[in-house]
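> coords below, sequence missing:
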């Protein structure tokens, strides 16, 4: 079967790999000059099933309200008249009940767990090096009440197979000695033993090589503008220069997939949340973190990539704009200097943004739409790196008409 994948981020290249190794003829198209040039290059790098909580929760409306009056919150909403965001936001608020949050968290968790299993199999089979870390991920808390709430909140994770230990401050410093010099005071942490981290850009580069060895074609610097259809089938995808023909078409381009889907008459409840990240060299002789982690107060996340540290934070709802300034990264720099004083060279840091594709409920959209040969693999939010392999597996099963390891209806557009 000849299949066309739109998007060469971590979701797109992983999808292409899964389809190619099943014997399909695959072409990947992206508007950028190479794979993972946008959002996938700006993620924290955590592979974190243990942090699969749905953002829509009983506490979320108050957090969004606070963001209207402060620029220092981890979630920001820039007030503006945007019918698309209003529609998305109303659906998000509908999901902010305890029961819906539990259902959505479990859906995310199951996909993340399956994805990690497939990911580990691929890494072993392909013998890839993407600067992984082992030993788990640390979710850090600065007060006893916050830690107790985290333990209660994390019950759903532990009850469904995630190995998580609550560690004291002394145990935390044993696991991560770099925190001994931190200006922040932590009472303890949740240690997600089987979570991990790695560089998604390196991984995607390795996956692309495997794809090309299997005959996958990559077409870059090409923006798909419209979907051409005839009845219940897509006939072509059109760029400014030409049309692209295939038997099946897959939209895996993050939030841009929602805009492209509209040209085929399909509305995806996917909206961008702008994320910010810094990748800074570790100073010679400095003590920098070995394990990935999240400071649950600032919600700054980090991963160690060899001699560099990636830090990421903020979810800003400001439409599809890529505009930003150095000031927008100040909360990450401040947190980094507090957490790991003297460890990083910010003068040589790389500053990036990415538009995370968010669904109102949290789980991604995987499967077919109105047209029988148009498929979606988008809406992974902050867990695209974590969910990539499991999502690719499920989409390939949908295309081939096979049952999946998980219930496909949970992630279908029709939900």
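Cool, the structure landed. Small disclaimer: the values here were computed from a predicted structure and weren't measured.
> how many neighbours does residue 83 have?
By the criterion of other Cβ atoms under 10 Å, residue 83 has 7 neighbours. Quick note: C-beta positions are derived from backbone N, CA and C, even for glycine.
> please determine how far residue 314 is located from residue 270.
19 Å (Cβ to Cβ, to the nearest Å).
> and the strands in the stretch 251-400 of the chain?
With strands called from DSSP state E, counting those that start in this stretch, the stretch 251-400 of the chain shows them at 271-281, 292-295, 300-305, 308-317, 350-358, 365-368, 374-378.
> just send those back as CSV, with distance to residue 126, mean neighbour count and mean pLDDT too.
Shown next, in CSV, are these (distance: least, Cβ to Cβ, whole Å; neighbours: other Cβ atoms under 10 Å; pLDDT from 0 to 100):
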stretch, distance to residue 126, mean neighbour count, mean pLDDT
strand 271-281, 25, 23, 97
strand 292-295, 22, 26, 98
strand 300-305, 19, 26, 97
strand 308-317, 23, 23, 94
strand 350-358, 25, 22, 97
strand 365-368, 23, 24, 98
strand 374-378, 21, 26, 98
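> can you list the low-confidence ranges for the stretch 201-350 of the chain?
Counting by pLDDT under 70, not a single residue of the stretch 201-350 of the chain qualifies.
> cutoff 90 now
314 (pLDDT under 90).
> where exactly do the helices run in it?
Assigned by DSSP state H, counting those that start in this stretch, the stretch 201-350 of the chain shows helices spanning 256-262, 330-339.
> in the shortest one, which residues are buried?
If I follow you right, that is helix 256-262. 256, 257, 258, 260, 261 (16 or more other Cβ atoms under 10 Å).
> not counting sequence-adjacent ones, nearest residue to the last one?
When you say that, I think you mean residue 261. Excluding the flanking residues, the one nearest residue 261 by Cβ to Cβ, 6 or more residues apart in numbering is residue 268, at 5.0 Å.
> so how far is stretch 201-216 off the chain centroid?
Relative to its chain's centre, stretch 201-216 lies at 19 Å (Cα atoms, centre = their mean, to the nearest Å).
> ok, stretch 221-231 next?
That offset, for stretch 221-231, works out to 25 Å (Cα atoms, centre = their mean).
> what's in contact with it?
Outside of stretch 221-231, the residues within contact range by Cβ atoms under 8 Å, 6 or more residues apart in numbering are 6, 29-33, 234-241, 243-244, 249, 260-261, 263-265, 371, 374.
> cool, and stretch 392-401?
Against stretch 392-401 from outside (Cβ under 8 Å, 6+ apart): 1, 3, 11, 14-15, 17-19, 22, 111, 114-115, 118, 248, 250, 366-368, 375, 377, 403-406, 408, 411.
> just the helices in the stretch 51-200 of the chain please.
60-67, 83-94, 98-126, 144-153, 155-159, 169-175, 200-213.
> out of the ones you listed, deepest packed?
helix 200-213 (a mean of 20; mean count of other Cβ atoms under 10 Å).
> so how far is residue 179 from residue 215?
47 Å.
> these two: which has the busier surroundings?
More crowded of residue 215 and residue 179, by other Cβ under 10 Å: residue 179, with 22 against 11.
> which residues touch that one?
140, 172, 173, 186, 289, 339.
> and if we set it to 7 Å?
172, 173, 186 (Cβ atoms under 7 Å, 6 or more residues apart in numbering).
> repeat that for residue 134.
So residue 134 contacts residue 196 (Cβ under 7 Å, 6+ apart).
> just read off the phi/psi values of it.
phi -120, psi 160 (degrees, to the nearest 10).
> my read: residue 352 touches residue 277, true?
Yes. In this structure residue 352 lies within contact range of residue 277 using Cβ atoms under 7 Å: 5.2 Å.
> mutual contacts of these two, please.
residue 42.
> any figure for the gap between the closest residue to residue 255 other than its chain neighbours and residue 331?
Among residues not flanking residue 255 along the chain, residue 272 sits closest, at 3.9 Å (Cβ to Cβ, 6+ apart). Taking Cβ to Cβ as the measure, residue 272 falls 19 Å from residue 331.
> before we move on, what about residue 298?
Taken as Cβ to Cβ, the span from residue 298 to residue 331 is 7 Å.
> picking up where we left off before, got a PyMOL select line for the buried ones in the contacts of stretch 221-231?
A single PyMOL command is used to select the members of those judged buried by 16+ other Cβ under 10 Å:
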select buried, resi 6+29+30+31+32+234+235+236+237+239+244+249+260+261+264+371+374
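> keep only those of the contacts of stretch 221-231 that are in strands.
6, 29, 234, 235, 236, 237, 238, 239, 243, 244, 249, 374 (DSSP state E).
> can you read off the pLDDT for the second one?
Yep, that's residue 29 we're talking about. The model reports residue 29 with a pLDDT of 98.
> that one bridge partners, please.
Beta-bridge pairing for residue 29 (DSSP bridges): residue 6, residue 219.
> follow-up on the earlier one: please enumerate the shared neighbours of residue 298 and residue 331.
With Cβ under 7 Å, 6+ apart as the test, residue 298 and residue 331 both reach residue 313.
> of the two, which one has the most company?
Neighbours were counted for residue 298 and for residue 331 using other Cβ under 10 Å; residue 298 has more, 22 against 19.
> that one against residue 335, yeah?
Yes. The criterion here is Cβ under 7 Å, and residue 298 meets it with residue 335 at 4.4 Å.
> check contacts around the residue lying closest to residue 277 once chain neighbours are set aside.
When the adjacent residues along the chain are set aside, residue 277 lies closest to residue 312, with 3.9 Å between them (Cβ to Cβ, 6+ apart). Residues in contact with residue 312 (Cβ under 7 Å, 6+ apart) are 42, 43, 44, 275, 276, 277, 301.
> any idea how far residue 312 is from residue 285?
Taking Cβ to Cβ, one finds residue 312 at 25 Å from residue 285.
> pull out the buried positions in stretch 176-195.
Neighbour counts over stretch 176-195 (16+ other Cβ under 10 Å) mark 176, 178-179, 182, 186-192, 194-195 as buried.
> tell me which of those fall in strands.
Using DSSP E, those in strands are 188, 189, 190, 191, 192.
> which one of the residues you listed is nearest residue 388?
residue 192 (18.5 Å; Cβ to Cβ).
> give the contact list for the residue lying closest to the closest one once chain neighbours are set aside.
Among residues not flanking residue 192 along the chain, residue 50 sits closest, at 3.4 Å (Cβ to Cβ, 6+ apart). Applying Cβ under 7 Å, 6+ apart, we find residue 50 in contact with 137, 157, 162, 164, 192, 195.
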